[in-house]
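Chemist: have a look; sequence and predicted model below, questions after that.
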Amino acid sequence: MAKDSVNSKFRNAQKNIVIIGDHNTVEKPSSIMTPTRVIISVALLLVIAGLLIYFLIISPTREAPSHDTNLFDTSSPKPPTETHQIEVTSRNITTIKLEKDDRAMISAEGQIRLGLLAGVGGPEGVPGFTQYNIYADDRHGALFARVRGDDGEEKWKRIGKQGVILAEHVGVLEFLVNDNDPGNNQGSFKVTVQVYRKK
């Protein structure tokens, strides 16, 4: 019996032997996941789930970006009804009459010397010098336009180098340079107006 007991203990000890050889240790692989492995696995699953939700649910149901119906589709082959060339120096009331829902595509180039301090500016205007602006929140010397009605109280729209005016009522096209002291200015903006009639 004693011999059998010794043999049994020897066999049990063999199961737990760690073989040590030339600086190499061989251990029985562990099937238990460590906390680090668990965290990595969960993170990967969350990333995969997020990608699936995005591509299968969110992305296909996105709304298409809205388009401003007040702007022209410049790719359209339809030519303008009429074209006008105007020279703008400060405030100019033109003879271009627009009916309700007519559209005017405006482009401008050229330079104006905005007094002694502000220097030279194009239709986009120059930064600073807001104390000399008609509209202090915008750039000094920028080009504005509007459709002037009978009361002359319509709001101005900043045009810069290019812009579009949609006539909400009958009136004539009017331009403005954002400078409340244009008497010491030199130069002008060369403005092209393409009118697209509603009818």
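Modeler: Ah, there it is.
Chemist: from K100, how far off is E82?
Modeler: Counting by C-beta to C-beta, to the nearest Å, the gap from E82 to K100 is 17 Å. Where C-beta positions appear, they are placed from N, C-alpha and C, glycine not excepted.
Chemist: what does G183 give?
Modeler: Counting by C-beta to C-beta, the gap from G183 to K100 is 36 Å.
Chemist: over to F144?
Modeler: The separation that F144 has from K100, given C-beta to C-beta, amounts to 21 Å.
Chemist: what's across from G171 in the sheet?
Modeler: L98 (DSSP bridges).
Chemist: per-residue confidence for it?
Modeler: Looking at G171, its pLDDT reads 95.
Chemist: list the contacts for it?
Modeler: By C-beta atoms under 8 Å, 6 or more residues apart in numbering, the contact list for G171 reads 97-98, 147-150, 154.
Chemist: in these, which has the lowest confidence score?
Modeler: D150 (79).
Chemist: which residue packs closest to that residue, ignoring adjacent ones?
Modeler: G171 (7.7 Å; C-beta to C-beta, 6 or more residues apart in numbering).
Chemist: quick one: pLDDT of V126?
Modeler: In this prediction, V126 has a pLDDT value of 96.
Chemist: would you list the contacts of G171 in a markdown table and tack on secondary structure, distance to S90 and neighbour count?
Modeler: Shown next, in a markdown table, are the contacts of G171 (DSSP: H, G, I helix; E, B strand; the rest coil; distance: C-beta to C-beta, whole Å; neighbours: other C-beta atoms under 10 Å):
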| residue | secondary structure | distance to S90 | neighbour count |
| --- | --- | --- | --- |
| K97 | strand | 22 | 13 |
| L98 | strand | 21 | 25 |
| V147 | strand | 19 | 24 |
| R148 | strand | 15 | 17 |
| G149 | coil | 21 | 14 |
| D150 | coil | 23 | 9 |
| E154 | coil | 18 | 15 |
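Chemist: helices of this protein, start to end?
Modeler: Under the criterion DSSP state H, helices of the chain are mapped to 2-15, 35-53.
Chemist: least reliable of those going by mean pLDDT?
Modeler: Looking at these, the bottom one is helix 2-15 with a mean of 50.
Chemist: mind checking which of G183 and K100 has more residues around it?
Modeler: Set side by side, G183 and K100 show more neighbours around K100, with 12 against 7, by other C-beta atoms under 10 Å.
Chemist: list the contacts for the more buried one?
Modeler: 167-170, 198.
Chemist: same thing but at 6 Å, please
Modeler: 167, 169-170 (C-beta atoms under 6 Å, 6 or more residues apart in numbering).
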